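Student: The following block contains a protein sequence and its predicted model.
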Number of protein chains: 2
Amino acid sequence: MGKNDNKQAFVEHITPRSEDFSQWYTDVILKADMVDYAPVRGCMVIKPYGYGIWELIQKEMDARFKATGHENAYFPMLIPESLLLKEAEHVEGFAPEVAWVTQGGMEPLQERLAIRPTSETLFCSMYSKWVQSWRDLPMKYNQWCSVMRWEKSTRPFLRTSEFLWQEGHTIHETAEEAQQETLQMLEVYREFSENVMNIPVFTGQKSDKEKFAGARATYSMEAMMQDGKALQAGTSHNFGTNFAEAFDIQYLSRDGKLEYVYETSWGTSTRMIGAIIMTHGDERGLRLPPKLAPIQVVILPIAQHKPGVLDKASELKKQLEAVGLRVKLDDRDTVSAGWKFNEWELKGVPVRVEIGPRDMEAGVVTYMRRDTFEKGQLPIEGLAQALEDMLADIGKTLFEQAKAFKDAHTYVARDMDELAKGVQTGFVKAAWCGERSCEDAIKEQTGATSRNMPFDQSDRPSDTCVCCHKPATKTMYFAKAY
Amino acid sequence: MGKNDNKQAFVEHITPRSEDFSQWYTDVILKADMVDYAPVRGCMVIKPYGYGIWELIQKEMDARFKATGHENAYFPMLIPESLLLKEAEHVEGFAPEVAWVTQGGMEPLQERLAIRPTSETLFCSMYSKWVQSWRDLPMKYNQWCSVMRWEKSTRPFLRTSEFLWQEGHTIHETAEEAQQETLQMLEVYREFSENVMNIPVFTGQKSDKEKFAGARATYSMEAMMQDGKALQAGTSHNFGTNFAEAFDIQYLSRDGKLEYVYETSWGTSTRMIGAIIMTHGDERGLRLPPKLAPIQVVILPIAQHKPGVLDKASELKKQLEAVGLRVKLDDRDTVSAGWKFNEWELKGVPVRVEIGPRDMEAGVVTYMRRDTFEKGQLPIEGLAQALEDMLADIGKTLFEQAKAFKDAHTYVARDMDELAKGVQTGFVKAAWCGERSCEDAIKEQTGATSRNMPFDQSDRPSDTCVCCHKPATKTMYFAKAY
């Protein structure tokens, strides 16, 4: 597939995807220097190359939150136990995985404090204080922070005891407005996933079994990894007045009556970095979406000891940075060109640009695209524009490749045999009676869980439930999941 | 001082600074809607208007860190007790104020975990794993996160159990390089303080008593609040090989020998927002530095029901936003113009712009500067440029006013009477023998602590120690402190 002469010393230790997808993932994240294991059970250190992706995710997503009228705030990381207990379903869902602070300084605490697993309860306690009349509504806040969920088995980016995320929390006058917000944020996530992460997703509503603890309805975007498994990459919840009733968030309505507010929350996390790796990565390592690549273009000077080469490389770097490209000039003289090729391929830099004496003479650079391994030459004149176009095209190609994979691995099933077969390698669309018992049976027999129900429910594979064969009421996607 | 006709309803509840500075501070932060008390002891909720300042601080400062070759990362919030105990001075300094996690999910933990009060120990444990040879050095990482210190008495932004900060941690080959880094970051902080926060500072070295737990040397920037008290607004520490020895961070040197790395750390926090309030605020509320104001220009349409006024105001907003200004159009029709004047003055918006039918006819707007209350008119033609210039001038004026206050409240003392008198209203420069016993005596007799020793030690108020009158070896600033 590649055309490199200097091979393998660097990448030969990456386990092939086909052999062991899970080991491939671990090899890639460690060798690409994104993350390391911390000396705390189930926690990770996000190293600069991984954190650089998160910074770009934050920047892109935060702009979308602000454009839709949200403001950032910061709420405390500790939640008193009594507050966490106020909404029954919520506490049942989260209590088993809470880390508890019981000692502050030299003294034992009178009440245990939870490190936030999510912050609905804190937002509710403040909203109940802040909202007086309909004039105060809506309140649309978001925070970027870390949360803690004491997980039994963990994997970097996918499931760790502590992870970074954003959580939006909004309150509204009417049920309609809250539903509109819930769906709007799901749409923000979908658009971000497709246009920024270059990952196609399934969007729809979760089953009652799989919805967020305390929500009336949960919507999700689900991405398909290259092993055919689902990764829930973002969720948006409509709480109705559920939390408002538990926390007494009332306001004086336009009619002069005390009414409960309608509430939503929505979140995405560093999990998305896992989704990027498992959607786009290949045998040589990462392939990063150009909009999220900390380094979009790496410049490798060839025969850099020759006069003028390093100067020209530096000049190119400045020229490309001037239009806003993120550029790295790798002028190390301690490793070979072949080593550098492998290293930057492993790190998923979208475009490699080589410049040597012969290129300079011809007024060109030699490039290689990480998505297709296509090599060629580009004139130095107008290089910045050409690379901007190429990066846009790489994003498009990554999306199309992922979309083709997703389409090829999405099946329909009319019975359990078909479902069991389909979820071995992808998602399965099936008719479902809507009963929890069938979801449980499907999980037990196939290892797959219900992912979400597409908004277009008209296209139903059969009239009867894939599991119990009673009349179907829903169309549901099933898949094994991370 | 102001020229407003509609007065006071809004601001009359702010306690005058002269009457009770501390109550004035609390009134301002609550009424300006920057912060609220959380239902967790000693913790605060940073509301959007306060958090907006922090976002701008982060943006400005982060650019400076990156320009000086630092990279961001994220380290876990929990630190195993055994790790925290590794460096003796460090644990002694921080153990009394640690919040401890003792339970994870349903099970008690075998080892207590500290919520990070600061992350030297975690960085050290990872650095010891990551560094092999001199080629890996320096490593220059920073993280933006929250930390927890279980404080007995707390005040929003100034001292809270949890607060937001950045902590840089670097390791180097040589003592010289580490010292250079330590002083470079102090200089980054100083430049940021003066040019972005418009706050003049005293920079210098802390005494052994006041230095960071585990540091060989701590440098600080100290700002003078309007009550004459000091606020330590940033610190930069040189650890020498102190932590490297405790954590065994060794590398193979250029000579092929195993050597310990030299380490630094440096930090600033949401305290800086407290410094901004207490340096620049006045009887009418906040006065925000233009570079950190979430809203730099507020546009108030006058007689907004008249045809064309709101359209013109919207057009102006777009025009100003196009050059990157942060603009708010306040088109509420539920409150009076006078109310709006007071509210935006309280919130410290640097420039108010009014546009009404008469202004439109004349092709002008009416402006008011928050720093000087100067009012006047500006042509609509070229307004964006004129406002950019005005904002730059406001920053300069705020700095000059603060500088004049600082200079007028900086005294010299040759004996304890002079020192005791000076620290009632400001900073005192004095000669000091260098002994801890005199620092303790000064604290006991005057309530003042040593702040820092200026880099220029030549200008010494007397030859003998201000306290014991033995020969002086240092010039030190003393002040009461937050």
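Tutor: Looks like it arrived, so ask away.

Student: use CA for all of it now, contacts and neighbours both
Tutor: Fine.

Student: since we're on A:Pro357, how many residues are nearby?
Tutor: 17 (other Cα atoms under 10 Å in any protein chain shown).

Student: Would you agree it is in contact with A:Lys312?
Tutor: No - between A:Pro357 and A:Lys312 there is no contact, the gap being 9.7 Å when judged by Cα atoms under 8 Å.

Student: which residue does the stretch 251-400 of chain A bring closest to chain B?
Tutor: Going by Cα to the nearest Cα, chain B is nearest to A:Thr334 of the stretch 251-400 of chain A, at 9.7 Å.

Student: What pLDDT does the model give that residue?
Tutor: We have a pLDDT of 89 for A:Thr334.

Student: Number of residues surrounding it?
Tutor: Residues near A:Thr334, counting by other Cα under 10 Å, number 8.

Student: repeat for A:Arg135
Tutor: Using other Cα under 10 Å, the number of residues around A:Arg135 comes to 13.

Student: In a helix, it, correct?
Tutor: Yes - counting by DSSP: H, G, I helix; E, B strand; the rest coil, A:Arg135 is found in a helix.

Student: Next, the buried residues of stretch A:341-361.
Tutor: A:341-357, A:359-360 (16 or more other Cα atoms under 10 Å in any protein chain shown).

Student: try stretch A:116-132
Tutor: For stretch A:116-132, a neighbour-count test (16+ other Cα under 10 Å) marks A:116-128, A:131-132 as buried.

Student: CA atoms only for it - export them in CSV, please.
Tutor: What follows is stretch A:116-132, C-alpha atoms only, in CSV (Å, rounded to 0.1, in the frame of the first residue of the first chain):
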residue,chain,number,x,y,z
ARG,A,116,-19.4,14.4,40.2
PRO,A,117,-20.3,11.5,37.9
THR,A,118,-22.4,14.1,36.0
SER,A,119,-23.9,17.4,37.3
GLU,A,120,-27.6,17.4,36.9
THR,A,121,-28.2,17.6,40.7
LEU,A,122,-25.8,20.6,41.1
PHE,A,123,-27.3,22.5,38.2
CYS,A,124,-30.8,21.8,39.5
SER,A,125,-30.0,23.1,43.0
MET,A,126,-28.7,26.3,41.5
TYR,A,127,-31.4,26.7,38.9
SER,A,128,-34.0,26.4,41.7
LYS,A,129,-32.3,29.4,43.3
TRP,A,130,-31.8,31.5,40.1
VAL,A,131,-35.1,31.2,38.3
GLN,A,132,-38.0,33.4,39.4
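
Student: Go ahead and name everything in contact with that stretch.
Tutor: With contacts defined as Cα atoms under 8 Å, 6 or more residues apart in numbering or on different chains, stretch A:116-132 is touched by A:75, A:77-79, A:83-84, A:86, A:94, A:97-98, A:137, A:147-149, A:167, A:169, A:243-244, A:247-252, A:265, B:38-39.

Student: What remains of the residues you listed if I keep only buried residues?
Tutor: With neighbours counted using 16+ other Cα under 10 Å, the contacts of stretch A:116-132 contain these buried positions: A:75, A:77-79, A:83-84, A:94, A:97-98, A:137, A:147-149, A:167, A:169, A:243-244, A:247-252, A:265, B:38-39.

Student: Just these: which are in strands?
Tutor: A:Leu78, A:Ile79, A:Val147, A:Met148, A:Glu167, A:His169, A:Gln250, A:Tyr251, A:Leu252, A:Ser265 (DSSP state E).

Student: what's the pLDDT at the nearest residue to A:Asp415 once chain neighbours are set aside?
Tutor: Closest residue to A:Asp415 apart from its sequence neighbours, by Cα to Cα, 6 or more residues apart in numbering or on different chains: A:Val466 at 4.7 Å. Looking at A:Val466, its pLDDT is 98.

Student: Tell me how many other residues crowd A:Ser82.
Tutor: A:Ser82 has 12 neighbours, counted by other Cα under 10 Å.

Student: Check A:Asp456 too.
Tutor: Applying other Cα under 10 Å, we find 9 residues neighbouring A:Asp456.

Student: Likewise for A:Met61?
Tutor: 19.

Student: burial count for the closest residue to it other than its chain neighbours?
Tutor: In space, and not counting its chain neighbours, A:Met61 is closest to A:Phe192: 7.2 Å by Cα to Cα, 6+ apart. Using other Cα under 10 Å, A:Phe192 has 18 neighbouring residues.

Student: Dump the C-alpha coordinates for the helix or strand where A:Phe192 lies into PDB.
Tutor: For A:Phe192, the host element (DSSP states H and E) is helix A:175-195. C-alpha atoms of helix A:175-195 as PDB (Å, rounded to 0.1, in the frame of the first residue of the first chain):
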ATOM      1  CA  ALA A 175     -42.200  21.000  26.900                       C
ATOM      2  CA  GLU A 176     -41.900  21.900  23.200                       C
ATOM      3  CA  GLU A 177     -39.000  24.200  23.700                       C
ATOM      4  CA  ALA A 178     -37.100  21.600  25.800                       C
ATOM      5  CA  GLN A 179     -37.700  19.000  23.100                       C
ATOM      6  CA  GLN A 180     -36.500  21.400  20.400                       C
ATOM      7  CA  GLU A 181     -33.300  22.000  22.400                       C
ATOM      8  CA  THR A 182     -32.800  18.300  22.900                       C
ATOM      9  CA  LEU A 183     -33.000  17.600  19.200                       C
ATOM     10  CA  GLN A 184     -31.000  20.700  18.300                       C
ATOM     11  CA  MET A 185     -28.000  19.600  20.400                       C
ATOM     12  CA  LEU A 186     -28.200  16.100  18.900                       C
ATOM     13  CA  GLU A 187     -28.100  17.800  15.500                       C
ATOM     14  CA  VAL A 188     -25.100  19.900  16.600                       C
ATOM     15  CA  TYR A 189     -23.300  16.700  17.600                       C
ATOM     16  CA  ARG A 190     -24.200  14.900  14.300                       C
ATOM     17  CA  GLU A 191     -23.000  17.800  12.200                       C
ATOM     18  CA  PHE A 192     -19.800  18.000  14.300                       C
ATOM     19  CA  SER A 193     -19.200  14.300  14.000                       C
ATOM     20  CA  GLU A 194     -19.700  14.200  10.200                       C
ATOM     21  CA  ASN A 195     -18.000  17.500   9.300                       C
END
